[in-house]
Structures are given as C-alpha cells and as structure tokens.
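# Pasted the sequence and its predicted model underneath.
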Amino acid sequence: MDLDVVVVGAGFAGMYLLHKLRGLGFSVRVYETGDGVGGTWYWNRYPGARVDIESQEYSYSFSDELEDEWQWSERYATQPELLRYANHVADRFDLRRDIRFETRVTAARYDEAANRWTVTTDRGDTVSARFCVMATGCLSAIKEPDFPGRESFRGRTYQTSRWPPGGVDFTGLTVGLIGTGSSAIQSIPVIAEQAAHLTIFQRTPNFSVPAHNGPLDPDAIAAWKADRPEYRRRQRASQGGFLTSDPNPLSALEVDEATRRRVFEERWARGGFAIGGAFSDLVTSPEANATATAFVADKIREIVEDPRTADILTPKTYPFGTKRLCVDTAYYATFNRPNVTLVDAAATPIEAITPTGLRTSERAFDFDVIVYAIGFDAMTGPLLRIDVRGRGGLALRDLWAEGPKSYLGLMIAGFPNLFTVTGPSSPSVLSNMIVSIEQHVDWISDCLSHMRDRRLGVIEAAAPAQEAWVAHVNESAAATLFPQANSWYMGANIPGKPRVFMPYIGGVGPYREKCDDVAAKGYEGFVLSDASRQIERPTPSQ
Ligand code: FAD
Ligand code: N01
C-alpha cells in the first residue's frame, strides 16, 4: 500500500496529525503498539496518575467545538479522565479507521531511488509512504528493571508505566516500591492508603510541590471560557506553554529575605509549577537557586515528623528544578503514616531482587508485591528502538551514538522526509506538551502543503543549519544549572546513554517564532528539491 504519510504512535501527537493531515487531503495511516489511543494516558494507569499542568491548559486547542463541548472536572485531570478525553477525540474525529492498533513499528528505511519510506511492523506488514512522522512520544520507551534476581521474585510485580487496566488492589499487602520520580510521588500516597505496609526505596530525592488539587473552580472555568483565545495566545507565546508558572521578572537576590520567603510561600499556596516562576534566576544562578532549595527543605522539615526521614527526603546533590519538578497530593505527609517506611537506597543500595522480596547492602525485605516506578529511556529511546535508516542505509542509532542531533527537533540531516514530533532539540518535555505537539503538527502540515503546492518531493535538514541549531541548543543549556543534575533530560538515568541535555531550553514562544521564521523564509536551513519526485495530488479522504 502506498501512502502520503505514515505516522508512528497514536498519542495526542499522532491523533492530531491524523486529523490534520487527513483534513488537508493526504492519505495517512497510523501505527500504534497499544490497543487504544491516548499514548501516555493509555499506558500509565497507576494509582494517582494525573497531569501536573492544569487541565484547561493541558488540552487540544485546534477545535473550538471540541473545546466548547469538553469540560474537565478537576484542576488536575486524572488518568481515567484524560483517557476518556483521548477516546472522545478519536470518536469525534473518526480517527480509529486509519489507526492500526496492536502493531509496533520495528523499522523505517528510506529508499533513495524511489524517495519513499518503507515501514515494517512486528506483524510482518510493510507499508510505503512519501513521508514518515515519528509521533512516538518522549516518555513511551520504558526503562526495564535490570536488578539481579528480578525473575526469581515469587510475588506480584507491577511497573507504573505498564499498569494493568483493571487496577490493583493492595489491601492487606506488603509492598515494596522502587523509585521516587513523578510516577512514584503520585502513586505512593494512594498505595499507602491501601497497603498493610509500604516500603519506598529512594536513590535520589526529588523536589516536590503541592498540587492543591480539587474540583475545577467555577470561576476558573468561566474565566477560561470568556477569554479562551487570549489564554491560548499567551500559552503559545510563553516560556513553558502554560500560564500557571506566572514568571516573576525579579531576581531572587534583589529582594530581602522576608520578601523572598513571602513570594515562595504565596506560590507554594497557589500550588503546582507556580513556584518555578517565583524568580527569574532560579535555574541560572546557583545563589538564587539555593534560596528555593532551602525553602523546600524547610517545608519538608515542617511536614515530615521524623527528622531523619525528612533529611533523607531533602534533595542535596543537585539544584532545585533541574530534575523535573514533581507535583503531589500529600506526598511528604505520607511519610508520617505508621505503615510507610523510607529506605535510603543511595546509602544502602538495592543489591538484588530475591524470591521473597529484595536485599539491600544492609538487610533483606519481604514483600507480597514489588512496584517499579523507575522511569523511561526518554526522548531518544522511542526513536532508537526502531531501526531507522536514512540515506545510504545510515542508521539513526549510529548517527546518534554520541547524542541526538536534529534541526529544530523536527528533522535530521541524512533522513529526508522524516519528521519527529517534540523531538530532541525542541522545547518538548520542558513544556506543556500539548502546546508543543500542536505547534509541531501545524508546522509539519504546513510544510507538506507547501511542498504539494510547489510540486516538491523532498525536504531534508541541511547539515550546517543542524550543526548551528545543535550548538545553540547546547549553549542555551550550558547557560543554566540543568546540566548539573543526573536527570533523564541528560540521559543520566540510563547506563551508557550519552550525557547530553536533550530538550531546547530557549522557551516555547521564542522557539515558535524561530520555526515560523524558518518557514516564512522558504524553509531556511532545509533543502527542498525535485519536482520529478513531487507529491501526487491526493484524492481527499472521506
Ligand atoms: P505518547 O503519549 O507517549 O504517545 C506515543 C505513542 O506512540 C504511544 O502510544 C506508543 O505506544 C506509540 N509508539 C511508540 N513507539 C512505537 C512504535 N515503534 N510502533 C508503534 N507505536 C509506537 N506532559 C505534560 O505536558 N503535562 C503533564 O502533566 C504530563 N504528565 C505526564 C504523566 C506521565 C505519567 C507521563 C509518562 C508523561 C506525562 N507528560 C506530561 C508527557 C506526555 O508524554 C505528553 O504530555 C503527551 O501525552 C505526549 O503525547 P505523544 O503523543 O507525543 O506521546
Ligand atoms: O521516572 P523518573 P517517572 N535503582 O525517571 C529511580 C513525567 N511524569 O516515571 O533519580 C534505584 O523521574 C530513580 O532514581 P534516580 C515527568 O516528566 C509526569 O517517575 O535515578 N532507583 C527515580 O527516583 C517525569 O519526570 C507525571 O536516582 C532507581 C525513579 O526511579 C517523567 O514522566 C507523572 C533505579 C524514576 O524516576 C518520568 O517520571 C509521572 C535503580 N536501578 C511521570 N532506576 C505528572 O505528574 C531508576 N530508579 C504529570
């Protein structure tokens, strides 16, 4: 079968791509490993899973009708509500007929002579398309537990990122949970309420701030409805693609201690990422950053009754905000429960999983259940798990052996007609992802229409433009404190992964301007060519 576009992934990116490209008259097919739409919200069904960007902001903006008819119920939507939203979108825009579910793409190869991509799946089918768009997500390749003895455990094992659809009842069970990233921080308070005992193994403490979740305030709903286009415009022009961070232009160092404290307190009371915008230099100045670190440390000491537990929970080895800030509901308070124990897995590392539980360097633990909340091979993982080959059989895995290189996070030199949505070198995971997804999908769709209108068949990132962009991405990161943390942004959570800060920190607004400018200048930095290999005028799909 010959298509205009093959899309890999049916999360929010793949779903919008399908709707948009089909509407423009391109023939499109989507492949998806899961048996339903929703991506992140299909897979991550662990207890307590929810967004940490406010629901009204974390939603599609491309359709006024969709916005008018959908109403979120909570300030931060739960995973079930987000999955219902994804299914509603799929139904409303009749997406499923062009999605092949339960089908994983294993390889994508560019055929230079034909100027087409050949995509192969684990079902053995092969499809040919002029363009291939990787909508594979940034947090969809799970990190597999590799603890020695893992297979020997006789109890039940769960991983947050592959949670069973029916849920898990922890009542009366003794549970061990490994990890203290966002997934763990959301699930720990809920599991603790059910389990007989919950033991948490923390290697590195995270900074977490309260969500102050609750039913969506009617005033917030009314304000959003009354002024939605303006809210959406401001999102797109902002640093992070969302408005709740509400950036304060002042330095943390130009105000006195009492004022600083008042600002942090007020933002802590607002909840969520508001604290990230408390001062302009929190992620650029070590001294400013130290004030935020000290504030959160005080909060942990205030909430957690046992001083030793509070001390273990306090981050000390990296600056505030340089690992993804977590947003929680009663996380720190959960450590005051009599049925919860924290183990410092940096001081006493996990040595092995045993038939009855696990063993640290200090002692053995017995569990009915082990929960792995150990994260993802982020950003590059989903792309490199596919055997992607460009010109001359060039393997993406080889090209990116030292870290990802991409022009604008949209295309890769040597890989014509292959696009990535929210790829490395774009704001991506540093932003409200739906805003970044929509921007990329719109840009890619405009680009394909531009090519069709001009009877162009090939687009490819030019190597010098890519080099210059990658240098800019690296310089931007180097001007911040982010590279100091062993974060998944840096690839540091995966043994052997190159240590490179992968997303672009320049901000959603400025980045959008750059992409728009590139397009306005006839796709500056890209090479477009070859009328003889033009895109055929498609017949609009019904
Ligand atoms: P995904 O949702 O990851 O979808 C990609 C899809 O591609 C998946 O369904 C996957 O199965 C499929 N796929 C991958 N490889 C293949 C293949 N080879 N063949 C076939 N199919 C494939 N972002 C925010 O902005 N705010 C939040 O609050 C937020 N919360 C999050 C909470 C969790 C638990 C996680 C894990 C992420 C969160 N994110 C959040 C990031 C989230 O991933 C994005 O917001 C968004 O959902 C990404 O959509 P996507 O379509 O790009 O990718
Ligand atoms: O994964 P993580 P996550 N031994 O990588 C530990 C988004 N998200 O799934 O820090 C012992 O953050 C690891 O320890 P360390 C969000 O972008 C959003 O929780 O490497 N421990 C860490 O504590 C987020 O950032 C939400 O020392 C091991 C944990 O496991 C991203 O997804 C909710 C270990 C992994 O934390 C990933 O979050 C959920 C080992 N061998 C996710 N290996 C929202 O709130 C790993 N760990 C919206």
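Thanks, I have the structure now. Ligands and ions are numbered 1, 2, ... in the order given.
# For stretch 157-175, give me every contacting residue.
For stretch 157-175, the external contacting residues (CB atoms under 8 Å, 6 or more residues apart in numbering) are 43-47, 49, 139, 142, 145, 156, 179, 183-184, 187, 191, 194-199, 366-376. Just so you know, the C-beta spots here come from the backbone N, C-alpha and C atoms, and that holds for glycine as well.
# 7 Å - rerun?
With contact meaning CB atoms under 7 Å, 6 or more residues apart in numbering, stretch 157-175 is reached by 43-46, 142, 183, 187, 191, 194-198, 366-373, 376.
# quick one: what helix or strand has residue 17 in it?
Assigned by DSSP states H and E, residue 17 belongs to helix 12-23.
# re earlier: from the contacts of stretch 157-175, which would you call buried?
Buried by 16 or more other CB atoms under 10 Å: 43-46, 142, 183, 187, 191, 194-195, 197-198, 367-373, 376, out of the contacts of stretch 157-175.
# Looking at those, which are in strands?
Using DSSP state E, the subset of the buried ones among the contacts of stretch 157-175 located in strands is 197-198, 369-372.
# biggest separation within these, which pair?
Spatial extent of these (CB to CB) is set by the pair 197 and 372 at 17.9 Å.
# which helices and strands sit right next to the helix holding residue 17?
Judged by 3 or more CB pairs under 7 Å, 6 or more residues apart in numbering; DSSP states H and E, helix 12-23 is in contact with strand 2-8, strand 28-31, helix 79-92, helix 433-453.
# How far away from the center of its chain is the first one?
Its chain's C-alpha centre lies 24 Å from the corresponding centre of strand 2-8 when counted by CA atoms, centre = their mean, to the nearest Å.
# same question, stretch 479-489
16 Å.
# What mean pLDDT does it get?
Mean pLDDT, computed over stretch 479-489, is 97.
# can you check stretch 92-99 too?
When pLDDT is averaged over stretch 92-99, the result is 98.
# Which residues does it contact?
Contacts of stretch 92-99 (CB under 7 Å, 6+ apart): 10, 15, 18-19, 22, 28-30, 32, 37, 66, 90.
# Show me what from this structure comes close to ligand 1.
By CB under 6 Å from any ligand atom, the residues of the chain that approach ligand 1 are 8-14, 31-34, 39-40, 42, 44, 49, 51-53, 58, 104-105, 135-140, 183, 382, 386, 421-422, 432-433, 437.
# Please, where are all the strands along the stretch 151-300 of the chain?
Shown for the stretch 151-300 of the chain, the strands assigned by DSSP state E, counting those that start in this stretch span residues 156-159, 174-178, 197-202, 208-210.
# Can you check which of those strands gets nearest to residue 355?
Using CB to CB, the nearest of those to residue 355 is strand 156-159, at 12.3 Å.
# Which strands border the closest one, and is each parallel or antiparallel?
Using DSSP bridges, strand 156-159 pairs in its sheet with strand 369-372 (parallel).
# Check which residues of the next helix or strand after the strand it pairs with are buried.
For strand 369-372, the following helix or strand on the C-terminal side (DSSP H and E) is helix 381-384. Within helix 381-384, the residues that count as buried by 16+ other CB under 10 Å are 381-384.
# do stretch 391-411 as well
Buried residues in stretch 391-411, counted by 16+ other CB under 10 Å: 394, 396, 399-400, 403-411.
# Put together TSV for these, with distance to residue 235, secondary structure and pLDDT on each row.
TSV is the format used below for the buried residues of stretch 391-411 (distance: CB to CB, whole Å; DSSP: H, G, I helix; E, B strand; the rest coil; pLDDT from 0 to 100):
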residue	distance to residue 235	secondary structure	pLDDT
394	37	coil	97
396	32	helix	98
399	34	helix	97
400	31	coil	98
403	30	coil	96
404	26	coil	98
405	29	coil	97
406	24	coil	98
407	25	strand	98
408	20	coil	98
409	19	coil	98
410	20	coil	98
411	25	strand	98
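# Out of the residues you listed, which is nearest to ligand 2?
Top of the list for closeness to ligand 2, among the buried residues of stretch 391-411 and by CB to the nearest ligand atom, is residue 409 at 16.6 Å.
# how close does the closest one get to residue 361?
Distance of residue 409 to residue 361, computed by CB to CB, to the nearest Å: 41 Å.
# ok, residues contacting the biggest strand by length in the chain?
In the chain, assigned by DSSP E, the strand with the most residues is strand 126-134. Residues from elsewhere that reach strand 126-134, judged by CB under 7 Å, 6+ apart: 1-8, 17, 29, 108, 116-120, 383, 417-421, 444, 448, 535.
# Among these, the buried ones, what's the ChimeraX command?
Of these, the buried ones go into a single ChimeraX selection, burial set by 16+ other CB under 10 Å:
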select :3,4,5,6,7,8,17,29,108,116,117,118,119,120,383,417,418,419,420,421,444,448,535
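# Now for residue 330: which residues touch it?
residue 189.
# Next one: it from ligand 2, what distance?
Noted for residue 330: a distance of 14 Å to ligand 2, by CB to the nearest ligand atom, to the nearest Å.
# on that earlier part again, next, the angle helix 12-23 makes with the longest strand of the chain.
Per axes from the mean of the first three to the mean of the last three CA atoms, to 10 degrees, the angle that strand 126-134 makes with helix 12-23 is 110 degrees.
# could you give me the average pLDDT of strand 126-134?
For strand 126-134, mean pLDDT is 97.
# okay, that strand in PDB with CA atoms only?
Output of strand 126-134 as PDB, limited to C-alpha atoms (Å, rounded to 0.1, in the frame of the first residue of the first chain):
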ATOM      1  CA  THR A 126       5.200  -3.400   5.200                       C
ATOM      2  CA  VAL A 127       3.900   0.000   4.000                       C
ATOM      3  CA  SER A 128       5.400   2.600   1.700                       C
ATOM      4  CA  ALA A 129       4.900   6.300   2.200                       C
ATOM      5  CA  ARG A 130       6.400   9.500   0.900                       C
ATOM      6  CA  PHE A 131       6.700  10.900   4.400                       C
ATOM      7  CA  CYS A 132       7.200   9.300   7.800                       C
ATOM      8  CA  VAL A 133       6.300  11.100  11.000                       C
ATOM      9  CA  MET A 134       7.500   9.800  14.300                       C
END
